[in-house]
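In: sequence first, predicted coordinates after that:
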Amino acid sequence: MSVTRLKRKGRKDKAKSAVRRQSLKNQNFQPVIKNVDVEKIKEEFKAKKA
C-alpha cells in the first residue's frame, strides 16, 4: 500500500502555525525603552518661550 500526501492540508497546517507563531511574537514584543532626560526637555521649552 502506498501513502498519499494531502498537500493542501499540509500547506494549510503550516500557514496556520506560522500565523500563530507570528501572533505570539507580537504579543511578547516589548518596545525599546529609551532614557528620556526630562530636565533637558523642560529647558528647551523655557528657551522657546523666552
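Out: Received, thanks.

In: which sections of this structure are below the confidence cut-off?
Out: 1 (pLDDT under 70).

In: show me where the chain has its helices.
Out: For the chain, helices defined by DSSP state H occupy the ranges 7-28, 38-49.

In: just put the ones you listed in JSON lines and tack on mean neighbour count.
Out: Glycine gets a C-beta too; all of them are placed from N, C-alpha and C. Output for the helices of the chain, formatted as JSON lines (neighbours: other CB atoms under 10 Å):
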{"stretch": "helix 7-28", "mean neighbour count": "9"}
{"stretch": "helix 38-49", "mean neighbour count": "8"}
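
In: so how far is K42 from the residue nearest the centre of the chain?
Out: Nearest to the mean C-alpha position of the chain, by CA atoms, centre = their mean, lies N26 at 3.8 Å. Taking CB to CB, to the nearest Å as the measure, N26 falls 35 Å from K42.

In: and N28, by the same measure?
Out: Taking CB to CB, one finds N28 at 35 Å from K42.

In: check R20 too.
Out: 46 Å.

In: please apply the same query to G10.
Out: G10 is 60 Å from K42, by CB to CB.

In: again with K7
Out: K7 is 63 Å from K42, by CB to CB.

In: then K16?
Out: Distance from K16 to K42, by CB to CB: 51 Å.

In: how about A50?
Out: Taking CB to CB, one finds A50 at 13 Å from K42.

In: thank you kindly, that will do.
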